Each structure stands twice: as C-alpha cells, then as structure tokens.
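> Model the structure of this input:
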Amino acid sequence: MSKKQKWVIIVGNDYGTFMFEGTEEEAEQRRRDKANWEGAVALKRLADENEIKSNEPEYCWNHPNFASKVKHYCECEKCKGD
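The predicted model follows:
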C-alpha cells in the first residue's frame with residue numbers, strides 16, 4: 001500500500017497550482033482529472049520541504065522535483081533569470 005504524501009499539481013493555461021495530499025496513484029488520478037476538466041496540460045510532483053511547511057505551492061514548471069529533463073516555459077522569478 002502506498003503512503004500518503006503531499007503533491008503539487010500545476011495546471012497550464014493559467015488554471016493554477018494547488019497542493020494535494022494522497023498516494024501517488026491518487027495524485028495521478030487528480031492530475032489527470034484536472035487536466036481533462038480544464039483541457040490543459042497538468043503536471044504533478046512531490047512537494048518540497050518549504051511547500052510542506054508553508055502549505056503554499058511554488059508555481060514553477062521547472063522545479064527540481066519534476067522528473068522531466070525538459071525545460072518548460074515558466075515566468076516565475078527563478079526562471080526569469082534563465
């Protein structure tokens with residue numbers, strides 16, 4: 001049985017970013033449902049320590065917790081300097 005963890009789900013087209021608590025399977029289902037509902041790309045990743053403490057997700061499409069090596073277009077403060 002998978003353990004519950006905190007996840008960050010980012011939905012494209014400015015639909016938003018939100019925290020989700022659950023297993024990886026539950027988080028994937030929520031990501032998929034939200035992407036289908038909004039008709040947009042949605043990504044999920046594990047929340048980092050700061051996000052867990054503050055319960056505030058960081059809106060960065062290039063956050064190191066994403067497994068992808070693909071560089072996404074992102075307007076966050078970290079990415080603006082790239």
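> what sits against His72?
His72 sits next to 61-62 when contact means CB atoms under 8 Å, 6 or more residues apart in numbering. Where you see a C-beta, it was placed from the backbone N, CA and C, and this is true even at glycine.
> Next one: it relative to Leu46, how far apart?
Going from His72 to Leu46 by CB to CB, to the nearest Å gives 17 Å.
> For the lengthiest helix in the chain, which residues meet the burial criterion?
Longest helix in the chain by number of residues (criterion: DSSP state H): helix 24-38. Counting neighbours by 16 or more other CB atoms under 10 Å, one finds that the buried residues in helix 24-38 are 27, 30-31, 34-35.
> tell me which of those is nearest to Thr17?
Distances from the buried residues of helix 24-38 to Thr17 were compared by CB to CB; the smallest belongs to Lys34, at 10.7 Å.
> which residues in the protein form strands?
For the chain, applying DSSP state E gives strands covering 5-11, 16-22, 42-46.
> And the lowest mean pLDDT element among the helices and strands of this protein?
helix 77-80 (a mean of 85; mean pLDDT, DSSP states H and E).
> could you dump that one to CSV, C-alpha only?
In CSV, the C-alpha atoms belonging to helix 77-80 read as follows (Å, rounded to 0.1, in the frame of the first residue of the first chain):
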residue,chain,number,x,y,z
GLU,A,77,11.2,34.6,-10.5
LYS,A,78,13.7,31.6,-10.7
CYS,A,79,13.1,31.1,-14.4
LYS,A,80,13.0,34.7,-15.4
